[in-house]
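Participant: Whatever this is, show me its structure:
(chains A and B)
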2 protein chains.
Amino acid sequence: MEINEFRKHAHAFVDWIADYYENIEQYPVKSTVEPGGVKSQLPPLAPEQGEKMEDIFNDFQNIIMPGISHWQHPGWFAYFPANNSPASVLGEMLTAGLGVQGMIWDTSPAATELEEVVMNWLRDMAGVPPHFTGVIQDTASTATLCALLSAREKATNFQVNQKGFQKTLRVYTSGHTHSSIEKGVKIAGFGRENLVYIDTDENFAMRMDALEQAIEQDIKMGLTPCCVAATLGTTSSMAMDPIDEIGKICQKYNIWLHVDAAFAGTAAIAPEYRNFLKGIEMADSYVFNPHKWMLTNFDCSAYFVKDAEILKRTFSIMPEYLKTSADEKVNNYRDWGIQLGRRFRALKLWFVIRSYGIEGIRAMIRLHINLAQEFAGWIEKDEEFEILAPVNLSLVCFRFVKPGQSEEELTALNKKLLKNINASGKVYLTHTVLNGRYCLRLSVGQRNTRVKHVEQVWDLIKENTRDW
Amino acid sequence: MEINEFRKHAHAFVDWIADYYENIEQYPVKSTVEPGGVKSQLPPLAPEQGEKMEDIFNDFQNIIMPGISHWQHPGWFAYFPANNSPASVLGEMLTAGLGVQGMIWDTSPAATELEEVVMNWLRDMAGVPPHFTGVIQDTASTATLCALLSAREKATNFQVNQKGFQKTLRVYTSGHTHSSIEKGVKIAGFGRENLVYIDTDENFAMRMDALEQAIEQDIKMGLTPCCVAATLGTTSSMAMDPIDEIGKICQKYNIWLHVDAAFAGTAAIAPEYRNFLKGIEMADSYVFNPHKWMLTNFDCSAYFVKDAEILKRTFSIMPEYLKTSADEKVNNYRDWGIQLGRRFRALKLWFVIRSYGIEGIRAMIRLHINLAQEFAGWIEKDEEFEILAPVNLSLVCFRFVKPGQSEEELTALNKKLLKNINASGKVYLTHTVLNGRYCLRLSVGQRNTRVKHVEQVWDLIKENTRDW
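Facilitator: Numbering: from 1, shown residues only, chains lettered A, B, ... in the order given. Got it, this is the predicted structure:
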């Protein structure tokens, strides 16, 4: 494709993207295609000869688009959001155009140095103490794996890296933790049996007596406590583990404290919501995802560590072909994570923070939290519904209830309710199970979600349950 | 930012990107900024109020651009390439605009199903046997880690995942392997001492007698041979491990065979260069990176496995909040790798393959290999230079030589030569060390590299060494 062809198509794509945003509410939030519905329309073999971009783009519109669930639709209340923004898309365009691979400082100094600066900005914006150093990872799963590996190496004086496991290392987390903790524990070779699930209290937060008891018991058994993985804002119910208390226990027993605030961390940009971070100064590592709630395109996960030397020593490799004369003076981020190659992700983050300013991001956070709390208020006032977890930040866990119904019947009714409101195409919610109770999750976080969209959820719910 | 503002800026950015490509040869290939030169120009704190995109973009041009090394410059001969293309940038634009997170089928069926189809296309194009199943990973480092973990679990009947390490597992690779093997071995908990470096022959390929001897010795010692990580196209010198012979040894001892062809794999799209894949049917896993040489923006790594069930069982997690009614009928790629969240990477790959067609990609491969071979011919004919490794595909390892000079003197001269030609700003090469000899690497792979750019390297070299 000649440059002028590229120019023509790229302009057309810009208009398509802008039109898409203007008309996004005309799409059903969740794709309605059946399994196999997309691939059945695609040929089994690649074309021998190049095709015209017009034809490719037609297929994109006719075959791919019906199979897209619209994460940027203001009716998106499913999972956690992955909201983006015009500024972020602009940043992604330049990242794609430059095609830089920032594995080391030398391969594009600006990619490394902008990341350094922007991660300092983000740290200071988001209530993370100044003794932390930040680095961008792709996802919180990866950041959590980095934390588990650093904990593993610190606990063994870097001997697992060198010799493999010589003793049994234990990791503690709550039963409401994200699945990435278990995944990371398995990847890092601890073994799932060495992941100790600590009981939670009525708010789904880790119980301190149970944590300390588990640690004491392990020590008596000759096992080595290695890491506590605490969560601020669990995926199911936005529960907050008390990291100020966990931090003290970790210090007492010399255990690595990793704090996963993948979604909730963004809320700390608004000081009035920052209280869940109390004790964060005791953490060894901390992660939250600007790609969830901070207007930045997936992927962009912000990983902060107390001691960057431990992180680097955990991952450091130095083959001849990567040595450069600048190595002593700069950050080479290849040693700060799993991957060698790195996209220039700092650019979109810089665009977002500058375009919105801290105040602009705070305004969005406040709006979303208010919308969720307002929705929770409607639920509370309605005796046909109940709230199943404390309404923290912008997540509401609730269900339809009817006197005399068994748990099985309530589960069936709420499954039906979820299916029906999602079938409207106007909104998309997902579910979880809390204390054995099936419930719906309203997770507010899409950039353009306003009160009318939350009202629409409530209207759909009321309409569907009118005769129940 | 309102949509109309976005539209305006995005159009301007398209023109900027197109102009950048048209004028890219006016930039020095490698950035000339000093360490700290970018960050010293950036404020230490994020702005409280939002800023105008015009101002942000000005800073991008004035502060960031001088710190960019231009991977898309046709004078890029450093490392391996990370070439992109207009079609790929167009795909990235749509991926950014849609802002889809394809962690499971349900969150955008088209993202999953297009990946399935395009990975089949790629497998069949690139000489990978039809019993392999493909999945996109971010980088070969991650794919290699997936391979090591699958090998670990297969060798222990999934007991490391469950209980942690109960026995000593051994991994074999050549001394010329990529650093990601060592990194993966450490991450997966094997311990570096259990990574056995096998001697190489005069072509820097793994020696079969040494491999079998190492395996036999380990078995005698009561250790468990687990994985051989073979390389097709080493980073230093494009050496090819003989995977047909390695495959037989792996079958004999029931060892996982992982094959890393991160750069070279693309060459197999041209059948006449495919011979290095002889024996690939015996591999358990295979990776190559479309983001290196196949015109696809970083990141996009193609990972192929013989038995997808092992991969899924290695990574599978199933929290309540991710369960969907489609789970039995579809691929949920969250279980196919490290991360939960996933970008819609298949889109750019689909755009590239369709836009170029298989023939278009082959034409580029052939051109690049011919250019490298032509350059090697010039070196061979010149007694002041020598080639230090077999010239496989598009990589030439060479150095300046002068009778009577010690190795130290030759190293100093060649370092000086590399520094001088890179200082021209016209070309960018990097170095390696082979058999203790410092040498320059000419790695051809940027999309727009033509014979004049290779001639320019040669002219600069001759000019700089004229009086030596």
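
Participant: ranges for the strands of chain A?
Facilitator: Under the criterion DSSP state E, chain A carries strands at the ranges A:76-77, A:133-137, A:169-174, A:195-198, A:224-231, A:256-260, A:285-288, A:301-305, A:385-387, A:395-400, A:428-434, A:437-443.

Participant: closest one to A:G50 among these?
Facilitator: Closest to A:G50 of the strands of chain A is strand A:133-137 (CB to CB; 35.2 Å). All C-beta atoms are positioned from the backbone trio N, CA, C, and that covers glycine.

Participant: closest one to B:H176 among the strands of chain A?
Facilitator: Nearest of the strands of chain A to B:H176, taken as CB to CB: strand A:133-137 at 29.2 Å.

Participant: And the contacts of that closest one?
Facilitator: The contact list for strand A:133-137 (CB atoms under 8 Å, 6 or more residues apart in numbering or on different chains) reads A:115, A:119-120, A:122-123, A:128, A:143, A:146, A:287, A:300-305, A:308, A:311, A:333, A:336-337, A:345-346, A:349.

Participant: check those against chain B, which are close?
Facilitator: Among the contacts of strand A:133-137, the residues within reach of chain B (CB under 8 Å from any CB of the partner chain) are A:N120, A:L122.

Participant: Verify the stated contact: A:L295 with A:V352.
Facilitator: Yes - counting by CB atoms under 8 Å, A:V352 is a contact partner of A:L295 at 5.0 Å.

Participant: Give me the common contacts of these two.
Facilitator: Joint contacts of A:L295 and A:V352 (CB under 8 Å, 6+ apart) are A:S85, A:A87, A:S88, A:I361.

Participant: Going by distance to chain B, which of those residues wins?
Facilitator: Proximity of the shared contacts of A:L295 and A:V352 to chain B (CB to the nearest CB) peaks at A:A87, which lies at 6.1 Å.

Participant: Name all residues that make contact with that closest one.
Facilitator: With contacts defined as CB under 8 Å, 6+ apart, A:A87 is in contact with A:L295, A:K348, A:F351, A:V352, A:R354, A:S355, A:Y356, B:M1, B:M53, B:I56.

Participant: burial of the closest residue to chain B within the stretch 351-468 of chain A, as a residue count?
Facilitator: At 3.9 Å from chain B, A:G357 is the closest residue in the stretch 351-468 of chain A, using CB to the nearest CB. A:G357 has 16 neighbours, counted by other CB atoms under 10 Å in any protein chain shown.

Participant: Leaving out the residues flanking it, which one is nearest to it?
Facilitator: Spatial nearest neighbour of A:G357, excluding adjacent residues (CB to CB, 6 or more residues apart in numbering or on different chains): B:G50 at 3.9 Å.

Participant: what's the answer for A:G91, then?
Facilitator: A:K348 (3.1 Å).

Participant: can you tell me how far the one you found sits from A:Y356?
Facilitator: Noted for A:K348: a distance of 12 Å to A:Y356, by CB to CB, to the nearest Å.

Participant: the more surrounded of the two?
Facilitator: The neighbour count for A:K348 versus A:Y356, taken as other CB under 10 Å, is higher for A:K348 (29 against 24).

Participant: what comes into contact with stretch A:204-211?
Facilitator: Counting by CB under 8 Å, 6+ apart, A:172-174, A:176, A:198-201, A:228, A:230, A:234, A:236-237, A:239-242, A:245-246, A:249, A:389, A:434 sit against stretch A:204-211.

Participant: ok, which of the residues you listed also contact chain B?
Facilitator: Contacts with chain B within the contacts of stretch A:204-211, as defined by CB under 8 Å from any CB: A:S236.
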